[in-house]
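# The sequence and its predicted three-dimensional model are supplied below.
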Amino acid sequence: MTTTYLRQARTADLPVIMKIINEAKAYLKQQNVDQWQHGYPEQSDMTADVAAGLNYVLIRDDVIVGTATLQRGIDDNYKVIEQGTWRGAAEATYTSIHRIAVAAGYRGQHLSETLITNLLTLSLQLGYADVRIDTHPENVGMQHVIKQNGFEYRGIIYMHEPKEPRYAYQLQLK
C-alpha cells in the first residue's frame with residue numbers, strides 16, 4: 001500500500017528540495033516555458049522558506065516527491081492585480097502557494113494536485129479560508145492543476161524580480 005502525506009520541511013531536506021526545483025526548471029525549459037529560467041528560485045530562497053517554517057514536502061513511501069511553500073498573510077506580489085479583482089476585502093489575509101514542484105520520476109501521478117489539496121487543508125487548519133496561487137501564462141500544465149483544484153482565475157499580477165506577468169487564481173474555502 002502507498003503512503004502519501006505532507007510535512008513541514010527540515011534543513012536536512014534542502015538537497016532533495018533543490019534537486020526537485022532544478023528538475024522542475026529543466027522541465028519548464030524543455031516545455032519552452034520561460035518560468036524559473038533566470039535563477040529563481042535559488043538555494044537561498046528555499047533555505048529561507050525552510051528556516052521560516054513555510055516550506056512543505058510531500059512524502060510518498062518515505063521519499064520526498066514534491067515541495068511547495070505556503071506563505072501566510074499578505075503577499076506583496078498580490079497587492080496589485082490587473083484585468084480582474086480579488087474576491088473579498090482588500091485587507092483580508094490569506095495563504096499563497098509558491099514554488100511548487102514534483103520530482104521528475106513522479107510526474108504524471110497527480111501529485112501536484114495531492115500537494116495542493118494538502119496545502120488547502122493546512123490553510124484551513126491555520127485559520128485561512130482564502131488561498132491564492134499564480135503561474136506563468138505559458139505554464140499550461142500548472143494552470144490545469146490549479147483549475148482542477150477548484151481555483152478561479154482572477155487576473156494578472158506581476159512578480160517583483162524580475163517583473164513578469166503571472167496568471168493569478170483564488171479559492172475561498174468554507
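Noted; the coordinates are in hand.

# And the residue nearest the centre of this protein?
Nearest residue to the geometric centre of the chain (CA atoms, centre = their mean): His98, 3.1 Å.

# how about that one, what does it touch?
Residues near His98 by CB atoms under 8 Å, 6 or more residues apart in numbering: 68-71, 133. No exception for glycine: its C-beta is placed from N, CA and C like everyone else's.

# Please apply the same query to Asp13.
Applying CB under 8 Å, 6+ apart, we find Asp13 in contact with 50, 57, 64.

# swap the cut-off to 6 Å and go again
Listed by CB atoms under 6 Å, 6 or more residues apart in numbering, the contact partners of Asp13 are Val57.

# go on, Gly84?
Gly84 neighbours (CB under 6 Å, 6+ apart): 154-155.

# swap in the one 3 residues further on?
Counting by CB under 6 Å, 6+ apart, Arg87 touches Gln170.

# One more pass at 8 Å, please.
130, 152, 154, 170, 172.

# and if you look at Gly53?
Gln8.

# Poorly predicted segments of the protein, please.
For the chain, applying pLDDT under 70 flags the ranges 161-162.

# Mind naming the longest strand for the protein?
When the chain is parsed with DSSP state E, its longest strand is strand 63-73.

# wouldn't Leu28 be in contact with His38 here?
No. Checked against CB atoms under 8 Å, the pair Leu28 and His38 is beyond contact range at 11.3 Å.

# between the two, who's got more neighbours?
Taking neighbours as other CB atoms under 10 Å, Leu28 and His38 compare with Leu28 leading, 20 against 10.

# so which helix or strand takes in that one?
helix 14-30 (DSSP states H and E).

# quick one, what contacts the residue lying closest to Asp62 once chain neighbours are set aside?
Excluding the flanking residues, the one nearest Asp62 by CB to CB, 6 or more residues apart in numbering is Thr3, at 7.9 Å. Thr3 is in contact with 59-62, counting by CB under 8 Å, 6+ apart.
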